[in-house]
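Novice: can you look at this prediction? I've put the sequence above it.
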There are 2 protein chains.
Amino acid sequence: MNALTIQEAAQTTDWSPRMLRYIERAGLIEPQRSAAGYRLYGPAELQRLRTLRELVTRFDIGLGEIGFVQRLRGDEELAGAIDAWLQAQPRRPEHVPAAEWLRFEQDKHSKLLALAGAAATTNA
Amino acid sequence: MNALTIQEAAQTTDWSPRMLRYIERAGLIEPQRSAAGYRLYGPAELQRLRTLRELVTRFDIGLGEIGFVQRLRGDEELAGAIDAWLQAQPRRPEHVPAAEWLRFEQDKHSKLLALAGAAATTNA
DNA sequence: AGAACCTTACCACGGCGATGTCAAGGTTCG
DNA sequence: CGAACCTTGACATCGCCGTGGTAAGGTTCT
């Protein structure tokens, strides 16, 4: 009844059958299987697939990223280690105006890094 | 002053100068700059570089992954969206012999939930 | 001045992610 | 039975990641 085969599911979620299998392989959405091994996508899976698409396109992230976060939720040690590492971040030298730093942090194509450093140490 | 140039820093942290620049590009460790634009690695950065190496090799993750987690910490919306998505987890087979679909051995690292104690927000 | 080091920019190569397509073989259903 | 669909597996392309190297041009220090 409301369990679609891979092709049907693909059509209603705007993914390709290929990608549905890929997504499953990535451990993100694993549909049930029929006795013969056919993937069966229920309403929940379909909804999840659509949301996944939204997530990926809206934030421009890859399936790998999501899978990684998933991994983090199961590996307390990993999560802790990374978190600890990121924690030791605020290594901003006191004599440097934070404003300058924050400024170029959002500028991916900054080509004036040297300038910022110079301006910070002297009024050059 | 205890601030090393990129080459010196590379030697004491077992990275290559090339990678130090790459790491900076990835937004993970941004050393100060001298007035002329030279990168200056202080004790803190050196330590962080060593820890980073440890982190990466020990958990076999990429700089991108760490960078992503870093991004998550600054983008509440993204973090929330992914978390919400992961929360709406798996529908365990209700009356389907798991053996059936289990026989197609998936990957070796399929680690589905274990927690997910929260009720799905999606229509159940 | 000159050697040694730094900077950015660009080319290169192998690997992996994201996708497509095709092949060989099983399943469904009219 | 046969068409249509499914499954896994393998090959192929494209772009990004991790790295290295090199070129052209400043900086430092002796």
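Specialist: Perfect, thanks for sending it.

Novice: I'd say A:S16 and A:Q7 touch.
Specialist: No - using Cβ atoms under 8 Å, A:S16 makes no contact with A:Q7, being 9.5 Å away. To be clear about C-beta, it is placed using only N, CA and C from the backbone, and glycine gets the same treatment.

Novice: what does stretch A:58-72 rub up against?
Specialist: A:22-23, A:26-28, A:52, A:55-56, A:78-79, A:82, B:61, B:65, B:68-69, B:72, B:75, B:78, B:81-83, B:85-86, B:111 (Cβ atoms under 8 Å, 6 or more residues apart in numbering or on different chains).

Novice: in helices, which of the residues you listed fall?
Specialist: A:22-23, A:52, A:55-56, A:78-79, A:82, B:65, B:68-69, B:72, B:78, B:81-83, B:85-86 (DSSP state H).

Novice: can I have the buried ones of these as a ChimeraX selection?
Specialist: In ChimeraX, this line selects whichever of the ones in helices among the contacts of stretch A:58-72 come out buried by 16 or more other Cβ atoms under 10 Å in any protein chain shown:
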select /A:23,52,55,78,82 /B:65,68,69,72,78,81,82,85,86
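
Novice: most centrally placed residue in chain A?
Specialist: What sits nearest the mean C-alpha location of chain A, by Cα atoms, centre = their mean, is A:E65, with 3.5 Å.

Novice: got the CA positions of the helix or strand where A:A44 lies in CSV?
Specialist: In the assignment (DSSP states H and E), A:A44 maps to helix A:43-59. This file holds the C-alpha atoms of helix A:43-59, laid out as CSV (Å, rounded to 0.1, in the frame of the first residue of the first chain):
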residue,chain,number,x,y,z
PRO,A,43,5.8,7.9,4.3
ALA,A,44,8.3,8.5,7.0
GLU,A,45,11.2,7.8,4.7
LEU,A,46,9.7,9.9,1.9
GLN,A,47,9.4,12.8,4.2
ARG,A,48,12.9,12.3,5.5
LEU,A,49,14.2,12.2,1.9
ARG,A,50,12.6,15.5,1.1
THR,A,51,13.9,17.1,4.3
LEU,A,52,17.3,15.8,3.5
ARG,A,53,17.2,17.4,0.2
GLU,A,54,16.2,20.7,1.8
LEU,A,55,18.9,20.4,4.3
VAL,A,56,21.6,19.7,1.7
THR,A,57,20.7,22.4,-0.7
ARG,A,58,19.8,25.0,1.8
PHE,A,59,23.1,24.8,3.7
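
Novice: how far is that helix from where the chain is centred?
Specialist: 13 Å (Cα atoms, centre = their mean, to the nearest Å).

Novice: what does stretch A:76-92 give?
Specialist: With Cα atoms, centre = their mean, you get 18 Å for stretch A:76-92.

Novice: quick one: is it near DNA strand D?
Specialist: No - legend: contact between stretch A:76-92 and DNA strand D by Cβ under 7 Å from any atom of the strand is lacking; minimum distance shown is 13.7 Å.

Novice: got the contact list for that stretch?
Specialist: A:71-73, A:98, A:101, B:42, B:44-45, B:48, B:51-52, B:55, B:58-59, B:61, B:66, B:69-70, B:73.

Novice: these two touch, right, A:R33 and A:R39?
Specialist: Yes - A:R33 is within contact range of A:R39, at 6.1 Å (criterion: Cβ under 8 Å).

Novice: between these two, who's got more neighbours?
Specialist: Ranked by neighbour count (other Cβ atoms under 10 Å in any protein chain shown), A:R33 and A:R39 place A:R39 first, with 22 against 18.
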